[in-house]
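> Predicted structure and sequence below. I'll ask about it afterward.
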Amino acid sequence: MNDILQLSAIYNPYTLNIFSDASYKGHTTNNAAYAVACICQDTLIDEISRPSSNGSIVTAEGKGIRTALSMANKYKNQYKSINIFSDSEISVRAIKEYIYNWYYDPKRHALINTSNKVAKNQDIYLECMDLLDLLGLSNCLVKVYHVKGHVSNNYNDISAAAGTFIRENNIKSHIDLNIIRYICCYNDYVDKLANQTRIKYNRDKNTFNNPIKFVATEKIVKKYNI
C-alpha cells in the first residue's frame, strides 16, 4: 500500500458519483423510504426519493441500490466512470458476494441462501444483476462501494471511516482522507433526503408497490452464473 488514492480520482468532470440511502422507523411496513443523488464534483445532476412499502430497512436499502444502478444506466454514456456509494453493507454484499453463494430450487421457484431458506429481497437483487449486466455492455467503468454511514467531520471519525472503506472494498492503497470527507458529506445529504421522504409519505396510509417483480428461474440463474 505505497500509493495514495487521491480525491481527484473521483472528484473530476468525467466521473459521476451516485449516493444511495434509506430511512426506516418504527414497526409499520409503510414507514420507510429510499433516496439517490447523482453528484459530479459538487454539482447535483439528478436525484430521486421514493416511499417504500411492505418491507424492512434492508428492503428499502436494496431498492436504493437498484435505483442507483438504474441512474447509472441513465448516465453511462455521459461519463467515463460512475461510482455508487451505499452505507448498506448487506445490500452491497448481496449483489457482489452473497447472491453467488445462493442456489436455485425449482421446487420453491426461488433462490435459496446458505441457511437453506428462501433468500429475502431476491427479486430486488436479481433486478440489480440485470442492471449490472446492462452496465457491463457499456464503455463506462462502474464500481459499487460500501461506505460507513453517519460519520461526523472530526478526524477520528473520518479516519475510522477510511479504515472501513479500505477494508470493505478491498482497496490496495492508502487513501486521501478528503475522499472520505467528500463521500460522507453526500452520504449525509442523501440520508436526510430519504428521511424527509419517509416523514412526508408516512402521513398517509397508501401502499407503494413495484410495477415489475423479478422472479428466479433456471435461465436467469445460468445467465448470472449463480
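Arrived safely, thanks for sending. Numbering: from 1, shown residues only.
> Closest to the centroid, which residue in the chain?
With distances taken as Cα atoms, centre = their mean, the residue of the chain nearest its centroid is Ile65 (3.0 Å).
> got the contact list for that residue?
20, 84, 86, 88, 91-92, 95, 124, 128, 144 (Cβ atoms under 8 Å, 6 or more residues apart in numbering). Yep, even glycine has a C-beta here, placed from its N, CA and C like the rest.
> Among those, name the ones in helices.
Within the contacts of Ile65, residues falling in helices by DSSP state H are 91-92, 95, 124, 128.
> export those to JSON lines and tack on pLDDT, neighbour count and distance to Asn187?
Conversion of the ones in helices among the contacts of Ile65 to JSON lines gives the following (pLDDT from 0 to 100; neighbours: other Cβ atoms under 10 Å; distance: Cβ to Cβ, whole Å):
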{"residue": "Ser91", "pLDDT": "95", "neighbour count": "29", "distance to Asn187": "14"}
{"residue": "Val92", "pLDDT": "97", "neighbour count": "23", "distance to Asn187": "13"}
{"residue": "Ile95", "pLDDT": "96", "neighbour count": "22", "distance to Asn187": "18"}
{"residue": "Ile124", "pLDDT": "95", "neighbour count": "24", "distance to Asn187": "20"}
{"residue": "Cys128", "pLDDT": "96", "neighbour count": "26", "distance to Asn187": "19"}
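> Distance to Ser52 added to those, as a markdown table?
Converted to a markdown table, the ones in helices among the contacts of Ile65 look like this (distance: Cβ to Cβ, whole Å):
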| residue | distance to Ser52 |
| --- | --- |
| Ser91 | 13 |
| Val92 | 18 |
| Ile95 | 18 |
| Ile124 | 10 |
| Cys128 | 15 |
